[in-house]
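Undergrad: Predicted model, plus sequence, below.
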Amino acid sequence: MPRKKRTRYVCNHCGWESSQWLGVCGSCSRWNTLDEVPVPEADGQKVHKSRLRPDGREALKPMSLDEIPVSEADRITTGMGELDRVLGGGMMPGSFVLLGGDPGIGKSTLALQWVSLLAGEKALYVSGEESLAQIRQRAQRLGVHPAHLHLYTETEIMQIVETARKEKPGLLIIDSIQTVYHSALQSMPGTTAQIRECAALLMQLAKQENITVIAIGHVTKEGDLAGPRILEHMVDTVLQFEGDKQSHHRILRTLKNRFGPAQEVGIFEMDNGGLREVANPSEIFLSEFDPSVSGNAVVCSLEGTRPLLIEIQALVTPTSYGMPQRTASGFDHRRLSLLLAVLEKRCGWQFGQHDVFLNVAGGLKLSETACDLGVASALVSSLSGNAAGEPLVMIGEVGLGAEIRRVVQLERRLDEAEAMGFRHAIVPSGYRGDGRKLKVSAVARVKDALRISGLDGQGPVANN
């Protein structure tokens, strides 16, 4: 009598496993994410599939801290300042980098330009989605002809590993991690089990052979990297490619970096020749800022180690529906609701019968609370119809009592505002700096900031 095939159910988001199907994941609480995965029959050899043979080398033995040799290998700089910035100063040999982004955002374009910048490193580009002719056409369109680049079309992970060990490249690009599979597993490519096993093999390859591996990954409709969450924990660096495909600007953000600071951003511009780095992002984000228009404000957000001046646009108009709309692009919707509640309860500005639309210019996504004061000022400016009338930057976190709380690295933010030609800045109380060309107004309450800027309808006044 044939044995019944065993199955298990694995969450395609976090990798949680269950012996029976459930409507909701027991770990991440997401609905309808459990996929049925067959359990392979035991063959008597309980060897983990993700174990690479050391090719005759002796197995590693436990060592004391003093016996471990210190690697003095320098970072490999690409020559593109924005790319080196997000990598923490350059590419680290033997690292595993995961590059994610929306379809068509430019991940493959960035990878191909990345290879062309490393003229002294042999590179192997493994494509599971495009043919060799398609990659060559993209290279011709970008105007890059790297002689050190070798193309290879394969999706079986062990074939990729064997080819990489034979060719010994300094850089290995996998496009994409969702297309490769392990033949020993019975599940389809892109499933949780396949991604986990293939990523483990690539990690061992990077560390054993000192090969820098760049794996391109897909994203879900929510914008998260597709596959199990353990994938982000396994790799050394996670890069997220952001931006509106209808816009020319692209933002490369470091979500995780074991060799440098996280949340660092690099700003690029997409044109017919590929990606071009933007040396002065604040100038790009403020290129169309008009201080005479109501509903506009400028904030200074600290993205990684870089302060950026960004324009906030707000539109508040009487609603035509029973339920007012609350729409935010590039800003947390829940944070917007909190600021509206503070302005209504503590400051007396009524938004209950108005639709509110908020937009962050340039396609950037703001998460820092230091932008709260600028967002609140833009909302009041649009509701009252009053504009500041002068280049003014707003810096500060808004508390539930309408108090303005202090932010970190205020001096660096003011330096950026002064370099961009701003003449006035409103900051939290307690600032004691002097000797600046920039006028700095330190206030304790949101009402004081609105009064000094003139957005409350009473006209701008001098700071006492």
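TA: Done, it's in. Numbering: from 1, shown residues only.

Undergrad: Surely V356 and V316 touch.
TA: Yes: taking C-beta atoms under 8 Å as the definition, V356 is a contact partner of V316 at 5.5 Å. Where you see a C-beta, it was placed from the backbone N, CA and C, and this is true even at glycine.

Undergrad: what touches both of the two?
TA: Residues touching both V356 and V316 (C-beta atoms under 8 Å, 6 or more residues apart in numbering): L379.

Undergrad: Who does whichever strand in the chain runs longest pair with, and is each partner parallel or antiparallel?
TA: Ranked by residue count under DSSP state E, the longest strand found in the chain is strand 306-318. With DSSP bridges as the test, strand 306-318 is paired with strand 296-303 (antiparallel), strand 354-360 (antiparallel).

Undergrad: And the shortest one, what's buried?
TA: Right, strand 354-360. Within strand 354-360, the residues that qualify as buried are H354, D355, V356, F357, L358, N359, V360, counting by 16 or more other C-beta atoms under 10 Å.

Undergrad: would you turn the strands paired with strand 306-318 into TSV with distance to A215 and mean pLDDT?
TA: Below are those laid out as TSV (distance: least, C-beta to C-beta, whole Å; pLDDT from 0 to 100):
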stretch	distance to A215	mean pLDDT
strand 296-303	24	93
strand 354-360	30	96
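
Undergrad: do you know which of those strands lies nearest H248?
TA: Proximity to H248, assessed across the strands paired with strand 306-318 by C-beta to C-beta, is greatest for strand 354-360 (16.1 Å).

Undergrad: ok so, going back, the strands paired with strand 306-318: which one's closest to L373?
TA: strand 296-303 (7.5 Å).

Undergrad: Just the mean pLDDT for stretch 277-294, thanks.
TA: Averaging pLDDT along stretch 277-294 yields 88.

Undergrad: Quick one: end-to-end distance for it.
TA: 32 Å (C-alpha to C-alpha, to the nearest Å).

Undergrad: And the contacts of that stretch?
TA: 80-83, 249, 266-269, 296, 298, 306, 308-311, 361-362, 364, 381-382, 384-392, 416, 420.

Undergrad: same deal with stretch 339-358?
TA: With contact meaning C-beta under 8 Å, 6+ apart, stretch 339-358 is reached by 312-321, 324-329, 331, 336, 372, 375-376, 378-380, 383-384, 398-402, 446-447, 450.

Undergrad: One more: stretch 141-151?
TA: Contacts of stretch 141-151 (C-beta under 8 Å, 6+ apart): 109, 112-113, 115-116, 118-125, 127, 132, 135-136, 139, 167, 169, 272-274.

Undergrad: Recalculate using a threshold of 7 Å.
TA: Residues outside stretch 141-151 that contact it (C-beta atoms under 7 Å, 6 or more residues apart in numbering): 109, 112-113, 115-116, 119, 121-125, 127, 132, 135, 139, 167, 273-274.

Undergrad: Go through it and flag the buried ones.
TA: Buried residues in stretch 141-151 (16+ other C-beta under 10 Å): L142, V144, P146, H148, L149, L151.

Undergrad: do the same with stretch 279-293
TA: Neighbour-count burial for stretch 279-293 [16+ other C-beta under 10 Å]: P281, S282, I284, F285, L286, F289.

Undergrad: next one: stretch 165-172
TA: P169, G170, L171, L172.

Undergrad: and the last one, which of the three is it?
TA: Secondary structure state of L172, per DSSP: H, G, I helix; E, B strand; the rest coil, is strand.

Undergrad: Which residues lie in contact with it in this structure?
TA: Per C-beta under 7 Å, 6+ apart, neighbours of L172: L124, V126, A164, I211, V213.
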